[in-house]
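**Student:** structural data only, the sequence is not supplied:
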Ligand SMILES: [Zn+2]
């Protein structure tokens, strides 16, 4: 009997991708479609799991492990489109669905990882793994799968399993609430200014603020918003100390404003549940659980990296602050030096020391040229090329679509990029996949996308980037390359499916090529004259790279240390915000520097589970990237072909097919130490 309301997954545009270039046909997708398709896709995946678990034949790699990896395709498809929309182009309908779908997905995957018959088959293969004569990648996938089942509670008794499922579901809902509260606080706050209030602000910022005000219905005025691409330059350039203070307070209080969007209780509950989960699974702390399958492996190893960096950063920040106070005094300020003064005087000090300011660089960093630079570096290093396709519908009309081609012209996959900020997009920059690339079964070509939040220029003008924004573009494109260059067989270890403290290596390493002289000469061209950035300006920009390292390292490392402090203890703190304050006190955190992400808006660790007990990973990866780029510098050729090939093969193409330590050593011949990173930051 056909069900009258059933969705036909084989024909629906969310699950059967029949649009141009094999993309979903976005013109046929309505917000109202998601709910029914999700339900149908969940049911279909449940049936697939039941078939695998209930198979009467002896478990084999094909009928169990491969079937498990290839199952749930419809669910993957609808999920990838939905989460793309939820991050890049959301609305109230999508947000309501998110609250409904998050716990459903969590329940679904909990049920799979606690399916006893399924685990029995995986366990059977695992116990016989030596006799199965598997290649190293398949063996690793089997071991990881087995371990994931165990870490997900496969060995718990019925009571324990029930509790774990409840915890996971609640954590998932809380993570969604955290992110939505934060978005609401960021969206609802704006400081509207008039022309008289703009002293010190460069043109690019004025026009971004004018655009932001117009978007919020105040045409003719200027808005300071809590988007980093407006907040940071505003606090860097505004001569108005009173306005800098207002903006600083709003930015650092996101998620902590009382009322319905306050994240304090959300955080408290999440920490409590995470501690309980770790205990249930037999780990000393949530950090111990999360670090178990990383490159660092233990909280102690993380501290071995962070603690010496913290000491050096404090020293550097303290000596920088003396200079900043001097500048403030010279400028006639007799106020006590405060956190909202740091960026402002640091910029003045930069101008004094290096005789240029950020705004001088900006006309040379045109978005379109920097995109070209990203593509060209990839061509030089890895042989792939990019061809833009016009008129392809995606989730938003600003998104650009590129076909990625191999050296022989064959199609490798697709790259989609959505560069501009808008109120429907969450803040930050990220890479994700509509589809990952792998060889198992019929295989799959990667469809990778990048989301940015650059201020959109007025119609007809070129978008200009700050140096940091240009770096972000290279960074996310490095992640995209990790997804696009993948050569692995098994989906669960494809592309960026590597441990968290390894995943930032391909992205952070790629940033180094932005400032390679040949790349700047060709692509850093002035927006009106078309002339390359003058050599003197390039030299100053390069010399200035380590400038402000004290501030940057303190604000980052403070966040990483607080993350570790929350999660490396057996019991959760009763009052997280007090705990945050006490932890910073113990660390001797300077009062004039704020954490890069304070607890109530620390999305990396609370809007989901992505970087909990893992914010350190960025710095861990930085140790790797500094050392990896040094390998190119040692050869005297930033595009050294033999080295580039080793890099492609062992890092960008290898995904998680081997232990990260093994992959890195295969590329570099040895493991790195933190010295190259500290030197790169100018802390040594
Ligand atoms: Zn990244």
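**Tutor:** Received it, and whenever you're ready, just let me know what you need. Predicted model, so just to flag it, every value in this text is computed and none were measured.
**Student:** make it CA atoms for all contacts and neighbour counts henceforth
**Tutor:** Noted.
**Student:** quickly list what the residue nearest the centre of the chain is bridged to.
**Tutor:** Centroid-nearest residue in the chain, with Cα atoms, centre = their mean: residue 430, separated by 4.8 Å. Beta-bridge pairing for residue 430 (DSSP bridges): residue 451.
**Student:** now do the same contact list for it.
**Tutor:** Residue 430 makes contact with 450, 451, 452, 476, according to Cα atoms under 8 Å, 6 or more residues apart in numbering.
**Student:** and which of these is nearest residue 169?
**Tutor:** Comparing those against residue 169 with Cα to Cα places residue 451 closest, at 27.7 Å.
**Student:** what's the burial count for that closest one?
**Tutor:** Using other Cα atoms under 10 Å, the number of residues around residue 451 comes to 26.
**Student:** what's the answer for residue 636, then?
**Tutor:** Residue 636: 10 surrounding residues under other Cα under 10 Å.
**Student:** what's it sitting at in phi/psi?
**Tutor:** Backbone torsions of residue 636, given as degrees, to the nearest 10, read phi 80, psi 0.
**Student:** kindly report the same for the one 10 residues further on.
**Tutor:** Residue 646 has phi and psi values of phi -60, psi -40 when expressed as degrees, to the nearest 10.
**Student:** what are the boundaries of the helices in the stretch 301-450 of the chain?
**Tutor:** 339-354, 358-361, 367-382 (DSSP state H, counting those that start in this stretch).
**Student:** returning to that earlier point: looking at the contacts of residue 430, which is nearest residue 135?
**Tutor:** Residue 135 lies nearest to residue 476 out of these, by Cα to Cα, at 31.9 Å.
**Student:** roughly how far does that closest one sit from residue 416?
**Tutor:** Distance, residue 476 to residue 416, using Cα to Cα, to the nearest Å: 12 Å.
**Student:** mind listing what the residue nearest to residue 86 when sequence neighbours are not counted touches?
**Tutor:** Nearest residue to residue 86, sequence neighbours excluded (Cα to Cα, 6 or more residues apart in numbering): residue 94, at 6.3 Å. Contact analysis of residue 94 by Cα under 8 Å, 6+ apart lists 31, 85, 86.
**Student:** filter these down to the ones in strands?
**Tutor:** Judged by DSSP state E, strands contain none of the contacts of residue 94.
**Student:** out of the residues you listed, which sit inside helices?
**Tutor:** Among the contacts of residue 94, the members falling in helices (DSSP state H) are 85, 86.
**Student:** pretty sure residue 557 is touching residue 310, no?
**Tutor:** Yes - counting by Cα atoms under 8 Å, residue 310 is a contact partner of residue 557 at 6.5 Å.
**Student:** what subset of the contacts of residue 94 is buried?
**Tutor:** Taking 16 or more other Cα atoms under 10 Å as the criterion, what is buried in the contacts of residue 94 is 85, 86.
**Student:** now the contacts of residue 94 as a markdown table including distance to residue 679?
**Tutor:** What follows is those, written out as a markdown table (distance: Cα to Cα, whole Å):
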| residue | distance to residue 679 |
| --- | --- |
| 31 | 50 |
| 85 | 40 |
| 86 | 40 |
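**Student:** still on that earlier bit, show the pLDDT at the residue nearest to the centre of the chain.
**Tutor:** You'll see residue 430 listed with a pLDDT of 97.
**Student:** any idea how far it is from residue 186?
**Tutor:** According to Cα to Cα, residue 430 stands 18 Å off from residue 186.
**Student:** ditto for residue 289
**Tutor:** Residue 289 sits 32 Å away from residue 186, going by Cα to Cα.
**Student:** residues touching the helix or strand of the chain with the lowest mean pLDDT, excluding its own?
**Tutor:** When the helices and strands of the chain are compared on mean pLDDT, DSSP states H and E, helix 358-361 comes out lowest with a mean of 83. With contacts defined as Cα under 8 Å, 6+ apart, helix 358-361 is touched by 202, 466, 467, 533, 537.
**Student:** wait, which of the residues you listed is closest to residue 351?
**Tutor:** Nearest member of those to residue 351, counting by Cα to Cα, is residue 537, at 12.0 Å.
**Student:** and the closest one, how many neighbours?
**Tutor:** Using other Cα under 10 Å, residue 537 has 16 other residues around it.
**Student:** for residue 425, same thing?
**Tutor:** Around residue 425 sit 21 other residues, with neighbours defined as other Cα under 10 Å.
**Student:** go on, the one 3 residues further on?
**Tutor:** Here the number of neighbours of residue 428 (other Cα under 10 Å) works out to 15.
**Student:** next, the contact list for it, please.
**Tutor:** Each residue near residue 428 by Cα under 8 Å, 6+ apart is listed here: 228, 452, 453.
**Student:** before we move on, which element is residue 236 in?
**Tutor:** Assigned by DSSP states H and E, residue 236 belongs to helix 228-237.
**Student:** poorly predicted segments of the protein, please.
**Tutor:** Residues of the chain meeting the criterion pLDDT under 70: 1-5, 356-357.
**Student:** reformat the helices of the stretch 301-450 of the chain as JSON lines; add mean neighbour count and distance to residue 661.
**Tutor:** As requested, the helices of the stretch 301-450 of the chain are exported to JSON lines (neighbours: other Cα atoms under 10 Å; distance: least, Cα to Cα, whole Å):
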{"stretch": "helix 339-354", "mean neighbour count": "19", "distance to residue 661": "38"}
{"stretch": "helix 358-361", "mean neighbour count": "17", "distance to residue 661": "38"}
{"stretch": "helix 367-382", "mean neighbour count": "19", "distance to residue 661": "22"}
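**Student:** got the ones you listed as a markdown table, with distance to residue 586 columns?
**Tutor:** Below are the helices of the stretch 301-450 of the chain laid out as a markdown table (distance: least, Cα to Cα, whole Å):
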| stretch | distance to residue 586 |
| --- | --- |
| helix 339-354 | 19 |
| helix 358-361 | 35 |
| helix 367-382 | 42 |
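**Student:** so which of those is nearest residue 24?
**Tutor:** Each of the helices of the stretch 301-450 of the chain has some distance to residue 24 by Cα to Cα; the shortest is helix 367-382, at 24.7 Å.
**Student:** which strands and helices lie in contact with that closest one?
**Tutor:** Contact analysis of helix 367-382 by 3 or more Cα pairs under 8 Å, 6 or more residues apart in numbering; DSSP states H and E lists strand 385-389, helix 467-484, helix 517-523, helix 641-647 as its packing neighbours.
**Student:** OK, contacts around the closest residue to residue 346 other than its chain neighbours?
**Tutor:** Using Cα to Cα, 6+ apart and skipping the chain neighbours, the partner closest in space to residue 346 is residue 324 (6.5 Å). Neighbour list for residue 324: 342, 345, 346, 349 [criterion: Cα under 8 Å, 6+ apart].
**Student:** buried residues in stretch 466-474?
**Tutor:** Judged by neighbour count (16+ other Cα under 10 Å), stretch 466-474 contains these buried residues: 466, 467, 469, 470, 471, 472, 473, 474.
**Student:** what's the answer for stretch 144-153, then?
**Tutor:** Neighbour counts using 16+ other Cα under 10 Å place 144, 145, 146, 147, 149, 150, 151, 152, 153 of stretch 144-153 among the buried residues.
**Student:** from residue 292, how far off is the second one?
**Tutor:** Read it as residue 145. 14 Å.
**Student:** distance between whichever strand or helix holds residue 117 and the chain's centre?
**Tutor:** Using DSSP H and E, the element containing residue 117 is helix 116-127. The chain centre lies 34 Å from the centre of helix 116-127; the measure is Cα atoms, centre = their mean, to the nearest Å.
**Student:** may I see the buried residues of that helix?
**Tutor:** Those would be 118, 119, 121, 122, 123, 125, 126, for helix 116-127 by 16+ other Cα under 10 Å.
**Student:** and after that helix, which helix or strand comes next?
**Tutor:** Sequence order places helix 136-151 as the next helix or strand after helix 116-127, per DSSP H and E.
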